[in-house]
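Participant: Here's a sequence, model it:
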Amino acid sequence: MSTLEDRIRDAFRADAETVRPEAIPGPPAPPARPRRRWFRSGQARMLVPLAAAAAVVAIVAGLSAAAPLLQGPGHPANPPGPGPFLPSGQATVPHGPVPKPVLGAQASQGVPASAPAPGVPRFYVAVYVAAGPVNYIVVRESTTGRVTARMNPPVGGFFAAIAAPAGDRTFVVAVESNSSCTSQLYSFRLTDRGQLGPLMPLHIIVPGTYPETRDLAITADGRTIGYSTYQCDGEGEVGVIHLATRQVRVWDWSFAQSPMNLSLSADGRRLGFTMFAAGRGHPGGAMILPTSAPAGPLSQRSRIVSRTALWTALAGDGASLYYCAVSPYHDGAMPRVGTMTYGTLSLPSGGQQVIASWPELSSPQCYASLDPAGRYLLVQFPTPVANTSGGWVRPAILDLRTGRLTSIPAPAFYGPFDIAW
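Facilitator: Numbers count the residues shown, from 1 in each chain. A predicted model of the protein is given here:
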């Protein structure tokens, strides 16, 4: 058996074994940029890279890196790579109309929302993904980082993506099926003490799986949902569901360009996202899609508004875009040390304004969650961890008006995770 075959065998074996995180003495050096892409074999769920020969080492490292740092619940075994590992080793492209979500007779006509309380949202909710079957939702206080609640996914399901309308108490979560290439949408509420209420079905089935972080978005009023999924057969789609009218629109994307970092304007008329260009290994740019656009290729229905942003989120008015960029950044290679900048971009004029910038950061990376009120970002801020090659982050709050960054006293983790508040 060849060395490559040995590594593939070991990677599958590591995924099948049950390993308690606390039993592992310390985190190995993880891959530099984790990205999620699912490969299914029957009912088994496995994380694998696009390029087998080049990335099997990253798989093995990721699958074995289940140990949390400090008291954290673990980090994901997410190897780098822009797409699925297909049996032929080739990328496929859409070959017909992509499927639409199925709205049941009792489908929600709007997710409950309320006026946001002043100041920083009191709680945030993270979807934790680690090696093997480890997957759950954790609620933490924004000021103390204290865990207030935890929820396991339904039997036969997997928490895949999360979003929140205004009010910091209601959340929408996508639960992928372990036996089919679909997900169901649920909502849940938090109590004043940060305890979790029951999962309430929205009676909406979404085709595909969620390959990236922030593949689910919802308007502040809870009336419009956007998503990006991969169809497990080489196709991808972005969809927008207008709950009140039951109107659904979908656009297809090819394997070569993968959308992520979805956000919606308050009126649901614009969808923002960044496009990862798989063939080149770097973002294809931040893009805006009018949600009234006819069905068709996503790249043709959208316009590029930035070629350097690695993360974006639409402001509620739809006229400006929050962004994050890293420099230097060449041909998909994130620098070991660089400058990370958060700012705003005016869509009508193209003018930019820096909110905050940090030079000479080790392993800079851009992951953040905008609160529905549009005042704060929960930033997954790079943090050095001994005996690792980078990729570790701590949660921190960025005030978008003042540029002040406040750390949350929660454990570091190997991100990114889907986080909403």
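Participant: Going by neighbour count, list what's buried in the strand or helix carrying residue 148.
Facilitator: Take DSSP states H and E as the rule and residue 148 turns out to sit in strand 147-151. Across strand 147-151, burial judged by 16 or more other Cβ atoms under 10 Å covers 147-149, 151. (C-beta placed from N, C-alpha, C; glycine too.)
Participant: Just name the closest of those residues to residue 303, please.
Facilitator: Among the buried residues of strand 147-151, residue 151 lies closest to residue 303 (Cβ to Cβ), at 38.9 Å.
Participant: Report pLDDT for the closest one.
Facilitator: The confidence metric pLDDT takes the value 96 at residue 151.
Participant: can you give me the strands in the stretch 201-350 of the chain?
Facilitator: For the stretch 201-350 of the chain, applying DSSP state E, counting those that start in this stretch gives strands covering 216-218, 224-230, 236-242, 247-253, 257-264, 270-277, 282-290, 303-306, 311-314, 320-327, 337-346.
Participant: Check the offset of the first one from the chain's centre.
Facilitator: On the basis of Cα atoms, centre = their mean, to the nearest Å, the separation between the geometric centre of strand 216-218 and that of its chain is 10 Å.
Participant: Residue 232: how many residues sit nearby?
Facilitator: Number of residues near residue 232 (other Cβ atoms under 10 Å) recorded here: 17.
Participant: That one contacts residue 209, doesn't it?
Facilitator: Yes: between residue 232 and residue 209 a contact is recorded at 6.5 Å, counting by Cβ atoms under 8 Å.
Participant: Format the buried residues of strand 147-151 as JSON lines; extra columns: distance to residue 226.
Facilitator: Formatted as JSON lines, those follow (distance: Cβ to Cβ, whole Å):
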{"residue": "147", "distance to residue 226": "29"}
{"residue": "148", "distance to residue 226": "28"}
{"residue": "149", "distance to residue 226": "27"}
{"residue": "151", "distance to residue 226": "24"}
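Participant: Residue 118: which of these is nearest?
Facilitator: residue 148 (20.7 Å).
Participant: Pull the contacting residues for the closest one.
Facilitator: Neighbour list for residue 148: 123, 139-141, 193-195 [criterion: Cβ atoms under 8 Å, 6 or more residues apart in numbering].
Participant: Show me what the one helix or strand residue 171 maps to is packed against.
Facilitator: Counting by DSSP H and E, the element that carries residue 171 is strand 170-177. Packing partners of strand 170-177 (3 or more Cβ pairs under 8 Å, 6 or more residues apart in numbering; DSSP states H and E): strand 157-163, strand 182-189, strand 216-218.
Participant: just these: most buried one?
Facilitator: Neighbour counts (mean count of other Cβ atoms under 10 Å) averaged over each of those peak at strand 216-218, with a mean of 28.
Participant: where in the stretch 51-200 of the chain is pLDDT low?
Facilitator: By pLDDT under 70, the weakly predicted segments of the stretch 51-200 of the chain are 51-96, 131-133.
Participant: All the helices of it, residue numbers only.
Facilitator: With DSSP state H, counting those that start in this stretch as the criterion, the stretch 51-200 of the chain has helices at 52-64.
Participant: which residues sit in contact with residue 288?
Facilitator: 270-272, 302-303, 305, 314, 321, 347.
Participant: which residues pair with it across the strands?
Facilitator: residue 272, residue 303 (DSSP bridges).
Participant: Quick check: pLDDT value at the residue nearest to the spatial centre of the chain.
Facilitator: By Cα atoms, centre = their mean, the mean C-alpha position of the chain lies nearest to residue 213, the distance being 1.0 Å. With respect to pLDDT, residue 213 scores 86.
Participant: Double-check it against residue 260; I have them as touching.
Facilitator: Yes: the pair residue 213 / residue 260 is scored as a contact, 6.7 Å apart, by Cβ under 8 Å.
Participant: Need the helices and strands packed on strand 170-177 in CSV (columns: distance to residue 329).
Facilitator: Below are those laid out as CSV (distance: least, Cβ to Cβ, whole Å):
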stretch, distance to residue 329
strand 157-163, 26
strand 182-189, 32
strand 216-218, 25
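Participant: And the ones you listed: which comes nearest residue 336?
Facilitator: Of all these, strand 157-163 sits nearest to residue 336, with 30.1 Å by Cβ to Cβ.
Participant: could you say what helices and strands the closest one packs with?
Facilitator: So strand 157-163, by 3+ Cβ pairs under 8 Å, 6+ apart, packs with strand 123-129, strand 135-141, strand 170-177, strand 182-189, strand 216-218, strand 418-420.
Participant: So which of the ones you listed is nearest residue 290?
Facilitator: strand 216-218 (15.1 Å).
Participant: which other helices and strands contact that closest one?
Facilitator: The contact analysis (3+ Cβ pairs under 8 Å, 6+ apart) places strand 216-218 against strand 157-163, strand 170-177, strand 224-230, strand 257-264.
Participant: just to revisit the earlier point, sheet partners, orientation included, of the strand holding residue 148?
Facilitator: strand 135-141 (antiparallel).
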